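Visitor: A structural model of the following input is requested.
(one chain, ligands or ions: 2)
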Amino acid sequence: MPYSYLSMASKPGILTDWPWKPLGSFKYILLVPLITEHIYSFMEKDEDIDVSKLVLFPFMLWRMLHNQLWISLSRYLTAKGTNKIVDKGIEFDQVDRERDWDDQIMFNAILFYWGNKYVPGGSHLPFWRLDGVIITMLLHAGPVEFLYYWLHRALHHHYLYSRYHSHHHSSIVTEPITSVIHPFAEHIAYFLLFAIPILTTVLTGTVSIVALAAYITYLDFMNNMGHCNFELIPSWLFTLIPPLKYIIYTPSFHSLHHVQFRTNYSLFMPFYDYIYGTMDKSSDTLYEKSLRRKEESPHVVHLTHLTTPESIYHLRLGFASFASKPYTPSTWHMWLLWPVTLCSMMLTWIYCFTFVVESNRFHNIRLQTWTIPKYNIQTWLVGDGLSEVEQKKASKGTLFIPFSQFPPKKLRTDCFYHTTPAMQTPLAFENVDSCENWLPRRVMSVWRIAGLVHALEGWEEHECGYTTSNIEKVWEATVKHGFQPLRVPTHLKS
Ligand SMILES: [Zn+2]
Ligand SMILES: [Zn+2]
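Guide: Ligands and ions are numbered 1, 2, ... in the order given. Model (predicted):
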C-alpha cells in the first residue's frame with residue numbers, strides 16, 4: 001500500500017477496527033440491502049408505504065453532505081486564519097487516519113435499517129410528535145450527557161486510554177471529522193448512549209421522523225462544530241441568554257480538551273464539567289481570544305488555477321483524502337460525479353474571485369495559496385508541445401523532463417518520466433496535508449518555491465517572464481533553505 005494507514009491507539013484493544021476494514025473501498029456493498037429496499041419501496045404499489053424506511057437512504061446521504069460541508073468550511077476558514085483556535089498545522093498522517101469518517105454513518109445506517117425492520121414500533125413512524133421531542137431533549141441533557149461524561153473520564157484512564165481513546169487524541173489540532181475518529185468499540189459505546197432517547201421514544205410510541213432526524217443532525221452538528229478549529233458562537237448569544245454557557249459548548253471549549261487532555265470532558269453541555277470541577281480555567285479567555293482573531297496576512301502568495309474540470313475535487317477544501325494523494329485525472333468514479341462537476345464549473349464561472357485554499361508556515365514566513373477560479377483545459381502539451389508522435393520517436397530508456405506546467409501523459413513503459421519542475425520540501429515547511437496537483441507528497445513546484453525563496457532572502461527583483469537574474473545565486477539559496485532536488489527515476493515501470 002503506498003499510503004500507510006497510520007493506526008490506532010498505542011496498544012490497540014479488541015474491537016479496534018471496523019468489521020468491514022478488510023473490504024477496503026468495497027465496504028459500500030454492505031449498503032446494498034438498504035439501497036435495494038429503498039428502490040423497491042418506490043416501485044411498490046402498496047398503499048401502506050413506510051416513509052420512515054424511505055428516508056433512511058437520503059438521510060444517510062444528508063449526513064455525509066453535512067459532514068463534508070463542515071470539512072470544507074473549516075479548511076477554508078482555518079487557511080484564512082479568521083477566528084482560528086489552535087495555530088499548529090495538519091499533516092498527512094492525520095488525513096490518512098481520518099479518511100474513513102463515513103464508517104460511522106454507514107454503521108448507523110445499517111443499525112437504523114435493522115431497527116426499522118425488527119424493533120417493535122421502529123417502522124411506519126409518524127412525521128411529527130411533540131411529546132417525543134421533549135422526551136428526547138430531556139433524556140439527552142440528563143442520562144446521555146451524564147453517562148458520556150463519566151465514560152469519557154474512564155476512557156482517559158491509562159488502561160482504556162492506551163487501548164482506545166488515544167486514537168481520537170492523536171489529533172491535537174482537530175478537523176470537524178476528527179469527531180468521529182474512534183476505535184470501533186468506542187463507537188458501539190456511543191451508539192448505546194444515543195440509543196437511550198431513541199429507543200425510549202420508539203418503545204413508548206412517541207418517536208417521529210422529525211425528532212429522529214433532528215436529533216441525529218444535532219449530534220452531527222455539535223460534533224463537527226466542537227472539532228472545527230475556528231470559533232463561531234457569537235458572544236452576544238451568551239450575553240442575551242447567560243445560562244446558555246452551561247448548555248452548549250464552543251469549539252474552543254472542546255479544543256482545550258484536545259490540547260490539555262485532563263479538562264473539559266463534557267459531550268456538548270459543559271455543566272457537568274462545572275459540577276465536577278473539571279472545567280478548564282482558560283476556556284473563557286481562549287474563546288474570547290479566538291473570536292478576536294483577524295484574518296491572517298501572508299508574506300507570500302502563490303497563485304494557482306484549476307487544471308481540468310475534475311481538478312476542483314483535488315482542492316484541499318473538498319475531499320481531504322483525495323487531495324492528499326497526487327492528482328490523477330479522470331478515474332472512473334470521477335465520471336460518476338459529472339453533474340456535480342458541471343455545477344461546480346458554473347459556480348466558479350459565476351464566482352470569479354480568487355480564494356484561499358492553503359496556508360503554510362516556513363520558519364516565520366507565512367505562505368498562502370490562492371486559487372483563481374479559471375480552468376486551463378489542455379491536451380497535455382509538454383514543454384513547447386511534445387506530441388504523441390514525437391514521444392514515440394524517442395529511443396528506449398529516454399528520460400522525459402517536462403519544463404512546462406503540465407506533465408506528459410505517460411505513454412511508454414520503456415522510458416522514464418520526470419515530474420514537472422519541483423523539489424522536496426524541508427520538514428520545517430508546516431501544514432502540508434495535500435498534494436500540489438500531480439506532484440508526490442511534500443513535493444513543491446519550483447514556481448511556489450521561487451516565491452518563498454524571494455521572501456526568505458528579501459529579494460525584490462521581479463523575475464516572472466524574464467530569465468532568472470542569477471541562477472547560481474537562486475540555486476544556492478534554495479538548497480541552503482533545505483529544499484532538496486528530486487531523484488531522477490531509475491526503474492522502469494513493469
Ligand atoms: Zn478525550
Ligand atoms: Zn474530540
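Visitor: and stretch 154-167, end to end?
Guide: End-to-end distance of stretch 154-167 (C-alpha to C-alpha, to the nearest Å): 15 Å.
Visitor: what comes up buried for the helix or strand hosting Tyr190?
Guide: Assessed by DSSP states H and E, Tyr190 sits inside helix 184-203. Across helix 184-203, burial judged by 16 or more other C-beta atoms under 10 Å covers 184-187, 189-190, 193-194, 196-202. To be clear about C-beta, it is placed using only N, CA and C from the backbone, and glycine gets the same treatment.
Visitor: alpha carbons only: can I get that helix in PDB?
Guide: The C-alpha trace of helix 184-203 is given here as PDB (Å, rounded to 0.1, in the frame of the first residue of the first chain):
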ATOM      1  CA  PHE A 184     -15.000   0.600  16.700                       C
ATOM      2  CA  ALA A 185     -15.600  -0.400  20.400                       C
ATOM      3  CA  GLU A 186     -15.900   3.300  21.300                       C
ATOM      4  CA  HIS A 187     -18.500   3.700  18.500                       C
ATOM      5  CA  ILE A 188     -20.500   0.900  19.900                       C
ATOM      6  CA  ALA A 189     -20.500   2.600  23.400                       C
ATOM      7  CA  TYR A 190     -21.500   5.900  21.900                       C
ATOM      8  CA  PHE A 191     -24.300   4.300  19.900                       C
ATOM      9  CA  LEU A 192     -25.600   2.700  23.000                       C
ATOM     10  CA  LEU A 193     -25.700   6.100  24.700                       C
ATOM     11  CA  PHE A 194     -27.500   7.800  21.900                       C
ATOM     12  CA  ALA A 195     -29.900   4.800  21.700                       C
ATOM     13  CA  ILE A 196     -31.300   5.800  25.200                       C
ATOM     14  CA  PRO A 197     -33.500   8.600  23.900                       C
ATOM     15  CA  ILE A 198     -34.100   6.900  20.500                       C
ATOM     16  CA  LEU A 199     -35.200   3.500  21.900                       C
ATOM     17  CA  THR A 200     -37.200   5.100  24.700                       C
ATOM     18  CA  THR A 201     -39.300   7.100  22.200                       C
ATOM     19  CA  VAL A 202     -39.500   4.200  19.800                       C
ATOM     20  CA  LEU A 203     -40.700   1.800  22.500                       C
END
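Visitor: what is it packed up against?
Guide: Packing partners of helix 184-203 (3 or more C-beta pairs under 8 Å, 6 or more residues apart in numbering; DSSP states H and E): helix 103-118, helix 130-139, helix 145-155, helix 209-226.
Visitor: what is the nearest of the buried residues of helix 184-203 to Pro339?
Guide: Nearest to Pro339 among the buried residues of helix 184-203: His187, at 32.4 Å, using C-beta to C-beta.
Visitor: Ile372 versus the closest one, what's the distance?
Guide: 41 Å (C-beta to C-beta, to the nearest Å).
Visitor: next: Val479.
Guide: 30 Å.
Visitor: these two: who's more crowded?
Guide: Higher neighbour count among Val479 and Ile372: Ile372, with 15 against 12, using other C-beta atoms under 10 Å.
Visitor: ok, what's across the strand from that one?
Guide: For Ile372, the beta-bridge partners are His305 (DSSP bridges).
Visitor: tell me where the protein is predicted with low confidence.
Guide: For the chain, the stretches flagged by pLDDT under 70 are 1-8, 45-47, 329-331, 375-387, 390, 393-395, 397-406, 408, 463-469, 489-494.
Visitor: which residue ranges make up each domain of it?
Guide: With domains defined by automatic domain parsing, the chain comprises 21-292, 300-485.
Visitor: hmm, back to that, from the buried residues of helix 184-203, pick the one nearest Glu231.
Guide: Proximity of these to Glu231 was ranked by C-beta to C-beta; the top entry is Tyr190 with 25.1 Å.
Visitor: quick check: the closest one vs Thr206, distance?
Guide: 23 Å.
Visitor: sorry, back to before: the helix holding Tyr190 vs helix 145-155, what angle?
Guide: On the basis of axes from the mean of the first three to the mean of the last three C-alpha atoms, to 10 degrees, helix 184-203 is oriented at 170 degrees to helix 145-155.
Visitor: and helix 184-203, how far from the chain's centre?
Guide: Distance, stretch centre to chain centre, for helix 184-203: 25 Å (C-alpha atoms, centre = their mean, to the nearest Å).
Visitor: repeat that for stretch 259-279.
Guide: 26 Å.
Visitor: report the buried residues of that stretch.
Guide: Buried residues in stretch 259-279, counted by 16+ other C-beta under 10 Å: 259, 263-273, 278-279.
Visitor: from the contact counts, what lies against the lengthiest helix in the chain?
Guide: Ranked by residue count and defined by DSSP state H, the top helix of the chain is helix 56-80. Applying 3+ C-beta pairs under 8 Å, 6+ apart, we find helix 56-80 packed against helix 32-43, helix 103-118, helix 209-226, strand 355-362.
Visitor: quick one: closest of the ones you listed to Thr425.
Guide: Of all those, strand 355-362 comes closest under C-beta to C-beta, at 8.3 Å.
Visitor: strand partners (parallel or antiparallel) of that closest one?
Guide: strand 365-375 (antiparallel), strand 429-430 (antiparallel).
Visitor: helix, strand or coil for Val301?
Guide: Here Val301 is recorded as strand under DSSP: H, G, I helix; E, B strand; the rest coil.
Visitor: residues contacting it?
Guide: Going by C-beta atoms under 8 Å, 6 or more residues apart in numbering, Val301 touches Leu367, Gln368, Thr369, Trp370, Gly451.
Visitor: swap the cut-off to 6 Å and go again
Guide: Counting by C-beta atoms under 6 Å, 6 or more residues apart in numbering, Val301 makes contact with Gln368, Trp370.
Visitor: and for Val119?
Guide: By C-beta under 6 Å, 6+ apart, the neighbours of Val119 are Val202.
Visitor: returning to what we had before: and among the domains of the chain, the most buried is which?
Guide: Among those, domain 21-292 has the highest mean neighbour count (mean count of other C-beta atoms under 10 Å), at a mean of 17.
Visitor: what about that one, how long is it end to end?
Guide: End to end - C-alpha to C-alpha - domain 21-292 spans 43 Å.
Visitor: so how far is that domain off the chain centroid?
Guide: Here domain 21-292 is found 15 Å from its chain centre; the criterion is C-alpha atoms, centre = their mean.
Visitor: same thing with stretch 412-424?
Guide: For stretch 412-424, the distance to the chain centre is 30 Å (C-alpha atoms, centre = their mean).
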